[in-house]
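Chemist: Quick one: sequence and predicted model below, then my questions.
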Amino acid sequence: MAPFAGYMMPLNYGDGALKEHMACREGAAVFDVSHMAQLDITHSSGTSEPILAALEGLIPANLIDLPADKQRYGLFLNEGGGIIDDLMVINAGHYVRLVVNAACAEKDENWLQTHLSGFEISRCERALVAVQGPAAADVVAVHLRLPEKMAFMDVATSQFLGQEIQLSRSGYTGEDGFEISLPEAVAEAFVTALCCDGRVKMAGLVARDSLRLEAGLCLYGQDMDETISVAAASLQWAIPKIRRIGGARAGGFVGAEYTLPELQDGAATCRIGVLAPKGVPPRSGALIFDAETDGNQVGLVTSGAPSPCVGQPIAMLRVAVKAAADTPLFADVRGKRLELKRIKMPFVPHRFYRG
């Protein structure tokens, strides 16, 4: 166990992080992610439409066109274009649910209260369980009735022990899977039932981190934060054309004045993926240079770890754009510079179920 975002969280369980990681890639892994905050927003109309319209002023995504029972990735930006948090937006039909990072929950809730008026915003006290891996759908279907056609980013409701369950076909490992919101009273029984299947292992923070890194997915506080812009984090894909310069609903969100020109003209830095030599991996904060001795600092490591599936350490760097293409890159690890090899991300192909 270790402290994480104000909670004591399991780093790994009895079988260790490596087996947990491979269980997710080969079978199914269960993560207790109840530390993530679920914020529900309601409106007196009893519908989600005015909520989604208002949220477009804070999140540069196409939310007005988000259908019921769908979710979308989004970003909260500050006035200077820095990333306050990344989150999921769920259109539940008569309300909107935001799933935000634990360390940012209080900040996000205050941000919403400050910028949205005429809406009720409340913390939803429910557990959140992620079931991830190629066997996830089969495992979950034993215990919950799933829609016949439920694809990546779809949202549905089901029942477990007489309690309503909300589940989305999504996750942060690169694998197919579900994130399941359920009342705390039945959470332990649900996870226990899942773990009776021999294909399933509980997995902790270490495996969750190595899995999301292999998938090339950002971690808030390392790969992005309030000082990093959307373009500098290479998250341009999160802002659709309709919200960009020339789009039908261009701008209109906090941070647009800085963000939109940078999306068009480019940022000074970007995020890239690299392989490191076998041995000690470069970790978050390690400095990147353009020569094995002396030279210039051109960036830093934002995330790095051994990769069980790649077979050697991998890392994501934030580097100067002018150094991103063909400049030699070396990570300073314990006073020794390790030569890095650029590689296209994701390091391990995504296997989201798209129907």
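Modeler: Sure thing, it's come through.
Chemist: Centroid-nearest residue for this protein?
Modeler: Of all residues in the chain, the one closest to the mean position by Cα atoms, centre = their mean is Y172, 5.4 Å from it.
Chemist: what about the closest residue to that residue other than its chain neighbours, is that helix, strand or coil?
Modeler: Residue nearest to Y172 in three dimensions, not counting chain neighbours: R212, with 5.0 Å by Cβ to Cβ, 6 or more residues apart in numbering. For every residue, glycine as well, the C-beta is placed using N, CA and C. The local conformation at R212, judged by DSSP: H, G, I helix; E, B strand; the rest coil, is helix.
Chemist: Tally up the residues packed near R212, please.
Modeler: One way to gauge burial is a neighbour count; for R212, by other Cβ atoms under 10 Å, it gives 20.
Chemist: before we move on, the earlier item: show me the contacts for the residue nearest to the centre of the chain.
Modeler: The neighbours of Y172, taking Cβ atoms under 8 Å, 6 or more residues apart in numbering as the test, are 130, 208, 211-212, 215, 217.
Chemist: I'd assumed V200 was in contact with Y13.
Modeler: No - under the criterion of Cβ atoms under 8 Å, Y13 makes no contact with V200, lying 11.6 Å away.
Chemist: Between the two, tell me which one has more neighbours.
Modeler: Summary of the neighbour comparison: Y13 and V200, criterion other Cβ under 10 Å, with V200 having more neighbours (21 against 15).
Chemist: Give the full set of residues in contact with that one.
Modeler: Taking Cβ under 8 Å, 6+ apart as the criterion, V200 is in contact with 23, 27-30, 131, 135, 139, 194.
Chemist: Count the residues that sit near the closest residue in space to it that isn't next to it in sequence.
Modeler: Spatially, and ignoring its direct neighbours in sequence, V200 is nearest to A28 (4.8 Å; Cβ to Cβ, 6+ apart). The number of residues packed near A28 is 26, by other Cβ under 10 Å.
Chemist: Torsion angles phi and psi at A28?
Modeler: Geometry field for A28 lists phi and psi as phi -150, psi 140, criterion degrees, to the nearest 10.
Chemist: okay but it is in contact with V142, surely?
Modeler: No - under the criterion of Cβ under 8 Å, A28 is not in contact with V142, lying 11.1 Å apart.
Chemist: Spit out the residues that contact those two alike.
Modeler: Residues touching both A28 and V142 (Cβ under 8 Å, 6+ apart) are D197.
Chemist: tell me, how many neighbours does R337 end up with?
Modeler: Using other Cβ under 10 Å as the criterion, the residues surrounding R337 number 18.
Chemist: Within the helices and strands, which one has it?
Modeler: According to DSSP states H and E, R337 maps onto strand 336-339.
Chemist: Give me the distance from that strand to the chain's centre.
Modeler: Here the centre of mass of C-alpha atoms in strand 336-339, compared against the chain's by Cα atoms, centre = their mean, to the nearest Å, lies 30 Å away.
Chemist: Stretch 136-155 too?
Modeler: Using Cα atoms, centre = their mean, the distance between the centre of stretch 136-155 and that of its chain works out at 20 Å.
Chemist: for stretch 264-281, same thing?
Modeler: Here the centre of mass of C-alpha atoms in stretch 264-281, compared against the chain's by Cα atoms, centre = their mean, lies 18 Å away.
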